[in-house]
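Chemist: Predicted coordinates and the sequence they were generated for:
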Amino acid sequence: MRSQVLSRAAVLAGAVALPLAAVLPAHAQPAHALPEHGVRGASGSAYGIAATGPVAVPATPSVSSSGPNTVSRSVAELPPNPILKARALNASAGKARARASVVDLRIPKAHLTADLVAAKCVQGKGGSHLVKVALNGKVIKAAATPNSAVGVHLDGLGTVSLVLNKQVRDRHGRLTVTAIELTLPLGPGTTETISIASATCGAGKGLPGGPGEPQTPPATPPSAPPDEAPAPTPVPGDLPVTG
């Protein structure tokens, strides 16, 4: 296997969605389709899996909440599709908090498997957790530094790229943590982008770390302007593997 270090994930090429979207649950809508008032400030939102490209998979399951009570949704198994399989997809969100997890993930074309992929966000801070995630037979470490990029060349397919523990902060100061973002080449000029376990939250007013509470100034300025993701951090050597 030949590994490559990528400085940035590949750009997604546009494509027409397949009829898969029609068989997904009605609540499994893309995160960007949520009402604007439901995604600002201290509200939380989360989804298990979403994909764009030749096979479009709406965010499944998808939740958003700004109230004191946590809203949770689960899907026992991702509906059949040509690109990936997953079970026990969970998403939960409330004021200033969100979680998402996926079990038994299988993406055969990318040679990617995982027992568990999870992300959480609390008070505008978060991270990811991976259990037995393997790319082309190499096990990736459970914890990855934010925005770690890995690229692996697969014969007959091209370079499969991943961003691990992807973290992006929007113009409202809300943080989105996506445990794995995978870019998969499917042919000349055609790619599929799959986001796995994504959680978004902001700092709640009157809560520790939120507006109205004394806060310690950050030691360093934000690493990227609002609505921009920091450039993924290249992973030295081959893969961040265990053992």
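Modeler: Structure received.
Chemist: list the helices and strands the helix or strand harbouring residue 193 packs on?
Modeler: Residue 193 belongs to strand 190-201 when assigned by DSSP states H and E. Counting contacts by 3 or more Cβ pairs under 8 Å, 6 or more residues apart in numbering; DSSP states H and E, strand 190-201 packs against strand 44-52, strand 85-94, strand 97-107, strand 112-122, strand 125-131, strand 175-187. All C-beta spots, glycine's among them, are computed from the backbone N, C-alpha and C.
Chemist: can you redo these as CSV with distance to residue 137 and mean pLDDT?
Modeler: CSV is the format used below for the helices and strands packed on strand 190-201 (distance: least, Cβ to Cβ, whole Å; pLDDT from 0 to 100):
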stretch, distance to residue 137, mean pLDDT
strand 44-52, 23, 97
strand 85-94, 18, 97
strand 97-107, 14, 98
strand 112-122, 9, 97
strand 125-131, 16, 96
strand 175-187, 16, 95
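Chemist: Select, out of the ones you listed, the one closest to residue 61.
Modeler: strand 85-94 (5.0 Å; Cβ to Cβ).
Chemist: What pairs with that closest one, parallel or antiparallel?
Modeler: Strand pairing for strand 85-94, using DSSP bridges, gives strand 71-77 (antiparallel), strand 97-107 (antiparallel).
Chemist: buried stuff in the longest one?
Modeler: The reference is to strand 97-107. For strand 97-107, a neighbour-count test (16 or more other Cβ atoms under 10 Å) marks 97-103, 105, 107 as buried.
Chemist: Also compute the angle for that strand relative to strand 190-201, please.
Modeler: Strand 97-107 runs at 150 degrees relative to strand 190-201, counting by axes from the mean of the first three to the mean of the last three Cα atoms, to 10 degrees.
Chemist: Convert strand 97-107 to CSV, retaining C-alpha atoms only.
Modeler: Extracted in CSV, the C-alpha atoms of strand 97-107 (Å, rounded to 0.1, in the frame of the first residue of the first chain):
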residue,chain,number,x,y,z
ARG,A,97,-24.8,20.3,23.3
ALA,A,98,-24.9,17.6,20.6
ARG,A,99,-23.8,14.0,20.0
ALA,A,100,-23.8,11.6,17.1
SER,A,101,-22.6,8.0,16.7
VAL,A,102,-22.6,5.3,14.1
VAL,A,103,-21.9,1.5,14.6
ASP,A,104,-20.6,-1.1,12.2
LEU,A,105,-19.7,1.2,9.4
ARG,A,106,-18.7,-0.4,6.1
ILE,A,107,-17.6,1.5,2.9
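Chemist: Report the angle between it and strand 44-52.
Modeler: Our comparison of strand 97-107 with strand 44-52, counting by the same axes, to 10 degrees, yields an angle of 20 degrees.
Chemist: about what we covered before: okay, the strands paired with strand 85-94 in JSON lines with distance to residue 161 next?
Modeler: Listed next are the strands paired with strand 85-94 as JSON lines, based on distance: least, Cβ to Cβ, whole Å:
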{"stretch": "strand 71-77", "distance to residue 161": "27"}
{"stretch": "strand 97-107", "distance to residue 161": "13"}
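Chemist: Those strands: which one's closest to residue 152?
Modeler: Counting by Cβ to Cβ, residue 152 lies closest to strand 97-107 out of those; the figure is 12.6 Å.
Chemist: now the angle from that closest one to strand 125-131?
Modeler: 30 degrees.
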